[in-house]
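J.: Pasting the sequence and the predicted model now:
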Amino acid sequence: MKLKAVSSTGKALTELTPEQQQRFIGELSRQQDENIKFGMELSLMILGYEVVEGEE
């Protein structure tokens, strides 16, 4: 799982450091509650990222 910046410019609206991205991915992958996972993914969308499954 990794984060991919999505916007018309190809950059995220808010730049996250690699450490912040890894922390977010770690928290997301450990989360069991689907509602919380959905909320985390929405938060990432607001920042300008999408979660890409199955990639390192």
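T.: Looks like it arrived, so ask away. Numbering: from 1, shown residues only.
J.: Helices of this protein, start to end?
T.: Taking DSSP state H as the test, the helices found in the chain are 18-30, 34-47.
J.: The first one to helix 34-47, inter-axis angle?
T.: Yep, that's helix 18-30 we're talking about. Interaxial angle, helix 18-30 versus helix 34-47 (axes from the mean of the first three to the mean of the last three Cα atoms, to 10 degrees): 150 degrees.
J.: Flag every buried residue along helix 18-30.
T.: Within helix 18-30, the residues that count as buried by 16 or more other Cβ atoms under 10 Å are 21, 24, 28. C-beta: built from backbone N, CA, C; applies to glycine.
J.: would TSV of those residues with pLDDT and distance to F38 be doable?
T.: Output for these, formatted as TSV (pLDDT from 0 to 100; distance: Cβ to Cβ, whole Å):
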residue	pLDDT	distance to F38
Q21	92	19
F24	91	14
L28	92	10
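J.: wait, which of those residues is closest to G39?
T.: Nearest to G39 among the buried residues of helix 18-30: L28, at 10.3 Å, using Cβ to Cβ.
J.: shouldn't that closest one be in contact with E41?
T.: Yes. L28 lies in contact with E41 (Cβ atoms under 8 Å); the separation is 7.4 Å.
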